[in-house]
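> need a structure here:
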Amino acid sequence: MNAKEKTYMMALAALLLIGLSTAWAGYNATVTISSSGTIYDFASVSPVSSPTLSNLKKGTWFKTSEQSIFKINNVNVTSIFVRVTLLNMPDLVGDFRSLDINVTLYDASNSLKDSGVISLETGAASVLLYADGLSTPANLTVKATIYGYTSSKVGSSSVKLTFVCTVEPAAFLSLFGGGWFEVW
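Below is the predicted model:
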């Protein structure tokens, strides 16, 4: 190898080293987030039940009746977002050819506020629900109806579904002007 080729190879090696170190630095970057105020307590969430699908047979359709899965109490804002997520969806792929969960949000007078579908077929593991015009303090209920088709490889005759529910206010106090604005 002559001097010109050695110089060229060293330059390529240097560029490769710089590129790798830059990529490595990107993976190790950290961000510190700190709270600049107090946490606003606007609601309490409690689980009611964790649905278990029982007596499942291979290759059959099924549907459950609507059942309460979460209670949201003492909501002291007029608009709220509620996200319901099926945590163990990846574990259910082998047991079902089709699995849809119709998630509904009701107020204390059993009036429907919003609904959405968690679906194994589309890969939608969570649903975002919205309720507005609430009189405070409000109480809400999250309910679910589960239906689907089992696979021919269903592992057991009963499957437990694990849900999580998070809530956040849909209206925040603006820092610039003191008015309210909606967050979509």
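> need the strands for the protein, in chain order.
44-47, 52-53, 61-63, 67-75, 80-86, 96-107, 112-119, 126-131, 138-150, 159-160, 163-169, 171-173, 180-182 (DSSP state E).
> could you dump those to CSV with mean pLDDT, mean neighbour count and distance to residue 9?
From N, CA and C alone the C-beta is placed, and that goes for glycine too. As requested, these are exported to CSV (pLDDT from 0 to 100; neighbours: other C-beta atoms under 10 Å; distance: least, C-beta to C-beta, whole Å):
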stretch, mean pLDDT, mean neighbour count, distance to residue 9
strand 44-47, 87, 12, 62
strand 52-53, 84, 16, 63
strand 61-63, 90, 12, 66
strand 67-75, 91, 17, 63
strand 80-86, 92, 21, 52
strand 96-107, 94, 20, 56
strand 112-119, 95, 17, 55
strand 126-131, 94, 18, 52
strand 138-150, 93, 19, 60
strand 159-160, 86, 16, 59
strand 163-169, 89, 17, 55
strand 171-173, 55, 13, 58
strand 180-182, 39, 10, 59
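> who wins for proximity to residue 4 among the ones you listed?
Set against residue 4 and scored by C-beta to C-beta, the strands of the chain come closest in strand 126-131, at 59.6 Å.
> before we move on, the earlier item: need the strands of the chain in TSV (columns: distance to residue 6).
Converted to TSV, the strands of the chain look like this (distance: least, C-beta to C-beta, whole Å):
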stretch	distance to residue 6
strand 44-47	67
strand 52-53	68
strand 61-63	71
strand 67-75	68
strand 80-86	58
strand 96-107	62
strand 112-119	60
strand 126-131	57
strand 138-150	66
strand 159-160	65
strand 163-169	60
strand 171-173	63
strand 180-182	64
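> out of these, flag the one nearest residue 5.
Nearest of the strands of the chain to residue 5, taken as C-beta to C-beta: strand 126-131 at 57.1 Å.
> which elements pack onto the closest one?
If you count contacts as 3 or more C-beta pairs under 8 Å, 6 or more residues apart in numbering; DSSP states H and E, strand 126-131 packs onto strand 80-86, strand 96-107, strand 112-119, strand 138-150.
> now with 10 Å?
strand 80-86, strand 96-107, strand 112-119, strand 138-150, strand 163-169 (3 or more C-beta pairs under 10 Å, 6 or more residues apart in numbering; DSSP states H and E).
> looking at the ones you listed, which is closest to residue 73?
Here strand 138-150 is closest among the helices and strands packed on strand 126-131 (C-beta to C-beta), at 5.0 Å.
> partners of the closest one in the sheet?
In the sheet, strand 138-150 lines up against strand 61-63 (antiparallel), strand 67-75 (antiparallel), strand 96-107 (antiparallel) (DSSP bridges).
> got the angle for it vs strand 126-131?
150 degrees (axes from the mean of the first three to the mean of the last three C-alpha atoms, to 10 degrees).
> can I get strand 138-150 in CSV, CA atoms only?
Output of strand 138-150 as CSV, limited to C-alpha atoms (Å, rounded to 0.1, in the frame of the first residue of the first chain):
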residue,chain,number,x,y,z
ALA,A,138,-68.6,14.6,38.6
ASN,A,139,-68.6,10.8,38.7
LEU,A,140,-67.9,8.8,35.6
THR,A,141,-67.9,5.0,34.8
VAL,A,142,-65.8,3.3,32.1
LYS,A,143,-67.5,0.2,30.8
ALA,A,144,-66.4,-2.5,28.3
THR,A,145,-68.1,-5.0,26.0
ILE,A,146,-65.8,-7.7,24.7
TYR,A,147,-66.4,-9.7,21.5
GLY,A,148,-64.3,-11.7,19.1
TYR,A,149,-63.3,-15.0,17.6
THR,A,150,-60.9,-17.5,19.3
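> if anything else comes up later, I'll come back, but that's it for now.
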